[in-house]
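In: I'll drop the sequence and a predicted model, then ask my questions.
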Amino acid sequence: PTFTEPEEARSSHITYDDVGGLQGVLDQVREMIELPLKHPELFQRLGIDPPKGVLLHGPPGTGKTLLARAVAGECDANFFHIAGPEILGGGFGESESRLRELFERAQKESPAILFIDELDAIAPKREQVGGEMEKRIVAQLLTLMDGLAPRQNLVVIAATNRVDSLDEALRRPGRFDREIVVGVPNEQGRREILEIHTRGMPLAEDVELHSIADTAYGFVGADLGALCREAAIEALRRKLPEIDLDAEEIPSEILETLHVTREDFTD
Ligand code: ATP
């Protein structure tokens, strides 16, 4: 397995404006993650420890990774990202040392968000896993969480879509003791997400995002993003017969009449 190079959220420019249909969730994220990262002095004044670990819990594609990036972007914090399955594997002890290195780097480069996607892959209930490796990884993660000083401007966010399958020890105080539920968007939420994903698109006048939102029942953010991209590709396909692929530059008349129409969304 390869170790993902930590990326800087600063250069990704993702903000809360890129997150749709999760207003209540954003309020919780701001209180639990942004506030302690930006103003640890408030917690110090009150004599309490800010949260070290937050669990984002919800179905795939609802925006958990996006939220973690957005909060890092808003706090000007460095963003370190690893997926559970990437930690697994390798020779004896390699997974644990990969985790240790990641925690060390994030601590050194704080303020930081350390995001662990698919936590359930590395931290299932210990009594349910046969493998010694999983047991060691969970134990290592517990040790690392316990070893984090409470006020060092680092929040570990972990995402899971199967919160019941997590080792309970991970959810004790001082570890992942806060939980935010990231749900499937309702119609209003779907509309907000569609607005975000069509922000840069030349939409034809017949496109009604509210009626697309109405019919896209059950779609999550990732599905809606894909729907918008597909619609744009469809618009391009319609235009293709007019395009001379060998031309040095596409004439501006063609660019200006390239619109994404209602039909492009439904085909
Ligand atoms: P997984 O559990 O599969 O990792 P996830 O919940 O982390 O999924 P993301 O990776 O954040 O989901 O979502 C994938 C993409 O879908 C995002 O990069 C974004 O383009 C789009 N998306 C998802 N949710 C939202 C949302 N609430 N608002 C806007 N875009 C969204």
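Out: Sure, I can see it. Numbers count the residues shown, from 1 in each chain.
In: quick one: name the residues of the stretch 1-150 of the chain near the ligand.
Out: V19, G20, G21, L22, P60, G61, T62, G63, K64, T65, L66, D117 (C-beta under 6 Å from any ligand atom). (C-beta placed from N, C-alpha, C; glycine too.)
In: repeat for the stretch 151-267 of the chain
Out: Residues of the stretch 151-267 of the chain lying near the ligand (C-beta under 6 Å from any ligand atom): A159, N161, I193, I196, G221, A222, G225.
In: inside strands: which ones of those?
Out: Counting by DSSP state E, the part of those found in strands is A159.
In: considering the residues of the stretch 151-267 of the chain next to the ligand, which possesses the most neighbours?
Out: I193 (29 neighbours; other C-beta atoms under 10 Å).
In: measure that residue to P202 for me?
Out: Counting by C-beta to C-beta, to the nearest Å, the gap from I193 to P202 is 19 Å.
In: could you do P60 as well?
Out: With C-beta to C-beta as the criterion, P60 and P202 are 30 Å apart.
In: check the stretch 1-150 of the chain for the residue nearest the ligand and tell me.
Out: Residue nearest to the ligand within the stretch 1-150 of the chain (C-beta to the nearest ligand atom): G63, separated by 2.8 Å.
In: give me the spatial nearest neighbour of that residue, chain neighbours excluded.
Out: G221 (4.7 Å; C-beta to C-beta, 6 or more residues apart in numbering).
In: any idea how far the one you found is from L227?
Out: Taken as C-beta to C-beta, the span from G221 to L227 is 10 Å.
In: equivalent analysis for L142, please.
Out: Applying C-beta to C-beta to L142 and L227 gives a distance of 41 Å.
In: give me the more crowded residue out of these two.
Out: L227 (20 against 16).
In: dump the residue contacts of the more buried one.
Out: Residues counted as contacts of L227 (C-beta atoms under 8 Å, 6 or more residues apart in numbering) are L194, H197, I212, A216, F219, F265.
In: so which of those residues belong to helices?
Out: Those of the contacts of L227 mapping onto helices are L194, H197, I212, F265, per DSSP state H.
In: quick one on the thing from earlier: hmm, the residue nearest to G63 is touching K64, no?
Out: No: between G221 and K64 there is no contact under C-beta atoms under 8 Å: 9.7 Å.
In: where does the prediction get shaky in the stretch 151-267 of the chain?
Out: Where the stretch 151-267 of the chain drops to pLDDT under 70, the residues are 267.
In: name the helix or strand for the nearest residue in space to T15 that is not next to it in sequence, please.
Out: Nearest residue to T15 in three dimensions, chain neighbours excluded: G73, at 5.2 Å (C-beta to C-beta, 6+ apart). Secondary structure from DSSP states H and E places G73 in helix 64-75.
In: mind checking how far P150 is from G61?
Out: Distance of P150 to G61, computed by C-beta to C-beta: 33 Å.
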